[in-house]
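Colleague: Can you look at this prediction? I've put the sequence above it.
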Amino acid sequence: MSIRHKLAMLLLVFIAVMVFLTVDFLYVSGDELAGAEQMTDTAEVTVEVRDRTGTQLLETHTLTRGQGTALQSLILRGSYLRTFSESAQVGKDEKTYDIYIVLPEQPQTIRFAVLGSRLLASPDTFGGWLKIRDKDWEIAFNGILASP
């Protein structure tokens, strides 16, 4: 092989590695979110539903064990993309949700913020917003809140 062919192959390998690292960095699976895997049957999970500005509290849901397990499953099986933004805008008719998880074994509260079906924040893990890739995420989320 000539040097030109070796350099071309090296360039292709380099490009492939860079593409892989970029995709690996941008893609976030649900099991990477701090706190979601720690939700146990003993965790106290509360969801606050707010208006689009996040200032007016509309509803508060204290989840049962079954609802907490379903929420954990929804978060863990989800896939997300990094957005590189620390701020986000809410759509006209969207609601915002604050999810608080209190673990009896630990003194800390884990918090997730959700903007409609588009964005999820896990400040303890990523510090910014993650785009929710599942188009039916909000439907499933509201189904969990509505279930007994």
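Modeller: Yes, it's here.

Colleague: Give me the buried positions along whatever helix or strand Y97 lives in.
Modeller: Using DSSP states H and E, Y97 sits within strand 96-102. Residues 96-101 are the ones in strand 96-102 that count as buried (16 or more other Cβ atoms under 10 Å). Using the backbone N, CA and C atoms, a C-beta is placed for each residue, glycine as well.

Colleague: and what of stretch 130-148?
Modeller: In stretch 130-148, counting by 16+ other Cβ under 10 Å, buried: 130-132, 134, 137-138, 140-141, 144.

Colleague: Tabulate those (CSV), appending secondary structure and pLDDT.
Modeller: Below are the buried residues of stretch 130-148 laid out as CSV (DSSP: H, G, I helix; E, B strand; the rest coil; pLDDT from 0 to 100):
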residue, secondary structure, pLDDT
L130, strand, 83
K131, strand, 85
I132, strand, 87
D134, coil, 87
W137, helix, 86
E138, helix, 84
A140, helix, 92
F141, helix, 90
I144, helix, 93
